[in-house]
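Asker: just to be clear, the model below is a prediction. Sequence and coordinates:
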Amino acid sequence: MEDKELLKDYLNGNEKAFEMILDKHQSNVIKLIYRLSGGNKELAMDLSQETFLRFIKAARDLKGESSIGTWLYRVAYNIFIDYVRKNEGEKVELDENTVKISSKSEKTLEQGEIKEKIKESLSKIPKEQALAIYLFYFEEAPLKKIAKVLNSSEGKVKTLLFRGRENLRKLVL
């Protein structure tokens, strides 16, 4: 069932529709926060719950301009950034678990070493750049979706990707 139909059913009081939304999107939200937090599973679970609580509160205001998944990604990212700002004393970093490398791409040792350096380096670039790179290269999200998640223009996403690649290149090579 499409997100728009699920949202409509949920707004009409169908609890099963919310369960379907949760089943469809919860793992992606948890995975996003898990990677942003450097593999902190407990934090990922807590912030994903907060994301879905915000969905419940804001569901009536969703206009269907973006998919529920895109909206949830944007909210999860904002909740994570708020968490980082509030807990600046506690260092939250992306670590080696940030990027899961597919076995296909690990054909040679050199490629594997470069990918390891990239994984380590993602924690050293600005979070917006890291998220844009993660969504673009590892989730294969289109620019339009990344722009919605980051609440910015496609042009800014292209700039983030360019600068992120440049920063990674400096760190890796």
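Answerer: Thanks, I have it.

Asker: and Tyr34, how many neighbours?
Answerer: 21 (other C-beta atoms under 10 Å). Any C-beta I mention is one placed from the backbone N, CA and C, and that applies to glycine too.

Asker: right, and the helix or strand after the strand or helix carrying Ile30?
Answerer: Taking DSSP states H and E as the definition, Ile30 sits inside helix 15-36. Beyond helix 15-36 on the C-terminal side, the first helix or strand identified by DSSP H and E is helix 41-58.

Asker: buried residues in that following helix, which are they?
Answerer: In terms of neighbour count (16 or more other C-beta atoms under 10 Å), helix 41-58 has its buried residues at Leu43, Ala44, Leu47, Ser48, Glu50, Thr51, Phe52, Arg54, Phe55.

Asker: quick one on the thing from earlier: sort out which residues of the helix holding Ile30 are buried, please.
Answerer: By neighbour count, with 16+ other C-beta under 10 Å as the criterion, the buried positions of helix 15-36 are 17-18, 20-21, 25-26, 29-30, 32-36.

Asker: dump those residues into CSV; add pLDDT as well.
Answerer: Rendered in CSV, the data for these read as follows (pLDDT from 0 to 100):
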residue, pLDDT
Ala17, 88
Phe18, 89
Met20, 92
Ile21, 90
His25, 91
Gln26, 92
Val29, 92
Ile30, 92
Leu32, 87
Ile33, 87
Tyr34, 86
Arg35, 82
Leu36, 82
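
Asker: could you find the closest non-adjacent residue to the residue nearest the centre of the chain?
Answerer: In the chain, the C-alpha nearest the mean C-alpha coordinate belongs to Leu32, at 3.9 Å (C-alpha atoms, centre = their mean). Using C-beta to C-beta, 6 or more residues apart in numbering and skipping residues adjacent in sequence, the residue nearest Leu32 is Ala76, 5.5 Å away.

Asker: brilliant, that's me finished.
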